[in-house]
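Chemist: Here is a sequence with its predicted model. Questions after.
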Number of protein chains: 2
Amino acid sequence: MMIVAKFGGSSLANAGQIKKVAAIIQGKPEIKAVVVSAPGKRFAEDIKVTDLLIALFDAVQAVGGQVGQVGHQTEALLQAEPVAEARQKVLDRYASILIELGLSTELLAYFEDTLNGYIADIQEPERLLDALKACGEDFNAQVVSHYLVSLGLDAHYVSPKEAGILVTDEPSNARLFDESYAQIAKLRDRAGVLIIPGFFGYSKGGDIVTFSRGGSDISGAIIANGLGADLYENYTDESFIYSMHPGKIARPHPIKEITYSEMRELSYAGFGIFHEEALEPVYRNDIPVMIRNTNQPEIKGTKIVSKKELDPRYPVTGVSSATGFTAISISKYLLNREMGFMRRAIRFFEEAGVPVEHVPSGIDSISLVIRSANIQSPEHLAGILATIQDKLNPDSIQVEDDLCIFAIVGEAMRENVGVAAAASRTFADNHINIRMISQGASEISMLFMIKAEDEDIALQGLYQAYFPREALATLAAAAQGE
Amino acid sequence: MMIVAKFGGSSLANAGQIKKVAAIIQGKPEIKAVVVSAPGKRFAEDIKVTDLLIALFDAVQAVGGQVGQVGHQTEALLQAEPVAEARQKVLDRYASILIELGLSTELLAYFEDTLNGYIADIQEPERLLDALKACGEDFNAQVVSHYLVSLGLDAHYVSPKEAGILVTDEPSNARLFDESYAQIAKLRDRAGVLIIPGFFGYSKGGDIVTFSRGGSDISGAIIANGLGADLYENYTDESFIYSMHPGKIARPHPIKEITYSEMRELSYAGFGIFHEEALEPVYRNDIPVMIRNTNQPEIKGTKIVSKKELDPRYPVTGVSSATGFTAISISKYLLNREMGFMRRAIRFFEEAGVPVEHVPSGIDSISLVIRSANIQSPEHLAGILATIQDKLNPDSIQVEDDLCIFAIVGEAMRENVGVAAAASRTFADNHINIRMISQGASEISMLFMIKAEDEDIALQGLYQAYFPREALATLAAAAQGE
């Protein structure tokens, strides 16, 4: 059993959290590699280290624009007050962590040299930004490694370069070169537990390049895949993915086991505790992911798997909902006979930079469902509609916004004939007009679109419809004043 | 009140039917123009005049290939036995009609000259075919006109050329030039009732060109529109459009009033008594269509209108179903983030000549619904799927055939929240697995796809669900042995 564990920013925000992380690693010799994020917020108003680093970059840009950045001017830049102040804030965070962990502060001088070196040497702003941002994870990995060694563990800091994480040269949007995996696999031969900073890799030219959103999750999945881990543990401050969004419904029950596909479908419409792109490397190689809570590591969290045993009594795994959708409905007599109509309508949206998410259709009408946020202005939409009117000559075009998509998700739905009936009955009983429905043959999900104003009542109703026992338990608990 | 009446082939198949038609015209002075089809079948094994004319064309082609068709050889062609025989069959049909109607047979010589003239003069096979086919309607209009005059009516045969029906020069697929309408409108100034052959028009070069499927219906709608009629009466041997297909369910009730859109949606999945393309001219100009039965003209048939008053107690107007659909389901992790995926998948089908009818979707999966008949061979489909695999790199492609689409149709559905619930409950109660659902925002129809083997039981169930009173009446009638 080999585990790769990834710890998020909240799990490493201060010395206390890092001690919990160390205890987890100490107690689990199966953990071969640990991927760390930068220190996150310690309290609501706190600033994440990554944001402190971005502030440092901004200070460098502001001052550098005045004094320049070459030769003897570099020294002026590094010592300019805004730069020094921003840098100090970064170093202070690590200083307090090192001190609280009882470690020597020698590392700080090295951290400062690293920051100054980047500022002095890297001319291109977007490359400098990537290099500075990467320091959050890079320094933290070194701190964690030092602390583990101080506890007597055979821990080793391994930089992404040493690990072999080769990425495309796209600042803030790196993608892995598959050839990296052969290199990463060699880490199996290394002794002890390896501490690897997340969020970035190296281009073939040797530059630091960061991943996009969910960066450390991506690194963790890459390392898990490269090492051929049996399990990828993802530690945050949550233990579970819930059957419904805990912020939208009282006490939804946690999901014990969920497939990648189910999670992906649920996260489309609103929730998910990490960026699902990040999981692609482990998804592709059937490595299960266990969600773990750093603060309650004894809880067996939600396990994400490729395949799971289906329980026909519970056809639905979860229900998610998301507002912010707009539907453009186009009708034309004999539309259905016009080959290419649907495709061209989609194209006019895509050419204007608006992805079309769903196209539920009747016979002579189609509805194009888009995210409202992708419409930049009324004129933007009007331009697309004018093109459609001009090129496709429809009888009518109608726009409906403030729509909410419900995704009813479950691998066991394909074995159950009553899922659609229960949903549509719930909507009907609550006098909610179903605006659109889309269900493809995959049958792992069913999408209902309703007015956003009906979202809450629909969620409550669907919870009762699909999880009657759990809904009753919630009511009973509420009656007892819990 | 001005009416344009169109009579179908079965309404004009013999003298007895033509007498019924004449009685209708005599009794209804509002009928300004009559559009006639060619004589249809008189009994099951009979041959329609149009098919006799096609046989004549085939004989000409066969013989002409041997003797040629120019100069003195023309005479040989016209007198060749196969040609003479085929021509005689056409003339015999009209002879028996004329004699039974008590009319002079002088017209026959003119008909024969017309046929011979076309055969002698028109070299291009597809133009000759069009000219010969058009004779079915053209001769019949002259017969009807003569008969009406013999009854003392002020009736006038008007050829499509005289009427001003100018069409594109596409043999067997003519489309009207809109400029024709100004010309057709002048027919209002003509006295008496005008008898116009359906099915064809004239190109700008003066050639006869026929319409495609539903040809005489197209002519009728064009004349109704051109004259600005208040009503377009379409006479066949049916009085109604039914709420469900009478061949598929016992005693469905007739629909009194249906909108064009409802009819179109219903006819998509299986039924409809004329080709709905034909109605486009009247649809576009809000001219209502009344379905009439030549054999029971006193029955007020189904009226097709642009708008109707909605009765929320009956949200569903009708339900139709059609088998012969195939769904190709494509899934790919993060598919939804890939702009253009759906559009490109549609394109690969369309480029192979296969129109995509619906695209119900989940988050990371889409299903493309096509008509199975458009797949020419297993290799044809395999080629498309190989392209999709190659260009879109999906995780899986699944093909499911023998699907049946149910269209639940009703303008009043948009006011009713329970329609989807009733359908999905019906499917669930009958243990029918819903394979796909598509409902766009137009809400006039809802499409469910199920396995074709479940079609009958689903139809029965839906009839009970949407028309409980009528279903009970049917049961009561059956109990009384009716």
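Modeler: Yep, it's here. Residues are numbered from 1 along each chain as shown, chains lettered A, B, ... in the order given.
Chemist: Next up, identify which helix or strand the closest residue to chain B within the stretch 1-150 of chain A is on.
Modeler: Of all residues in the stretch 1-150 of chain A, the one sitting closest to chain B is A:Lys6 (19.5 Å; C-beta to the nearest C-beta). All C-beta atoms are positioned from the backbone trio N, CA, C, and that covers glycine. Assigning secondary structure by DSSP states H and E places A:Lys6 in strand A:3-7.
Chemist: For the helix or strand following that strand, list every residue counted as buried.
Modeler: Using DSSP H and E, the helix or strand that follows strand A:3-7 in sequence is helix A:15-27. Residues of helix A:15-27 classed as buried: A:Ala15, A:Gln17, A:Ile18, A:Lys20, A:Val21, A:Ala22, A:Ile24, A:Ile25 (neighbour count, 16 or more other C-beta atoms under 10 Å in any protein chain shown).
Chemist: Would you mind pulling up the elements that helix A:15-27 packs against?
Modeler: Counting contacts by 3 or more C-beta pairs under 8 Å, 6 or more residues apart in numbering or on different chains; DSSP states H and E, helix A:15-27 packs against strand A:3-7, strand A:31-36, helix A:81-100, helix A:125-150.
Chemist: rerun that using 10 Å as the cut-off
Modeler: strand A:3-7, strand A:31-36, helix A:81-100, helix A:125-150, strand A:193-197, strand A:231-236 (3 or more C-beta pairs under 10 Å, 6 or more residues apart in numbering or on different chains; DSSP states H and E).
Chemist: any chance of those in CSV, plus mean pLDDT?
Modeler: Formatted as CSV, these follow (pLDDT from 0 to 100):
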stretch, mean pLDDT
strand A:3-7, 97
strand A:31-36, 97
helix A:81-100, 96
helix A:125-150, 96
strand A:193-197, 98
strand A:231-236, 95
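Chemist: Present those as a markdown table; the columns should include mean neighbour count.
Modeler: As requested, those are exported to a markdown table (neighbours: other C-beta atoms under 10 Å in any protein chain shown):
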| stretch | mean neighbour count |
| --- | --- |
| strand A:3-7 | 27 |
| strand A:31-36 | 27 |
| helix A:81-100 | 17 |
| helix A:125-150 | 23 |
| strand A:193-197 | 25 |
| strand A:231-236 | 24 |
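Chemist: so which of these comes closest to A:Arg292?
Modeler: Closest to A:Arg292 of the helices and strands packed on helix A:15-27, according to C-beta to C-beta: strand A:231-236, at 4.6 Å.
Chemist: about what we covered before: hey, what's the residue of the stretch 1-150 of chain A closest to chain B bridged with?
Modeler: A:Val35, A:Asn234 (DSSP bridges).
Chemist: Run through the residues that contact it.
Modeler: Counting by C-beta atoms under 10 Å, 6 or more residues apart in numbering or on different chains, A:Lys6 touches A:33-37, A:196, A:198, A:216-221, A:223-224, A:232-236, A:274, A:278, A:289, A:292.
Chemist: now A:Tyr242
Modeler: A:Tyr242 neighbours (C-beta under 10 Å, 6+ apart): A:248-249, A:251-255, A:266, A:271, A:273, A:302, A:318, A:320.
Chemist: again, 8 Å this time
Modeler: Listed by C-beta atoms under 8 Å, 6 or more residues apart in numbering or on different chains, the contact set of A:Tyr242 reads A:Pro252, A:His253, A:Pro254, A:Ile255, A:Phe271, A:Gly318.
Chemist: Then A:Ile258?
Modeler: Contacts for A:Ile258 were tallied using C-beta under 8 Å, 6+ apart; they are A:Ile241, A:Leu266, A:Thr302, A:Lys303, A:Ile304, A:Val305, A:Lys308, A:Thr317, A:Gly318.
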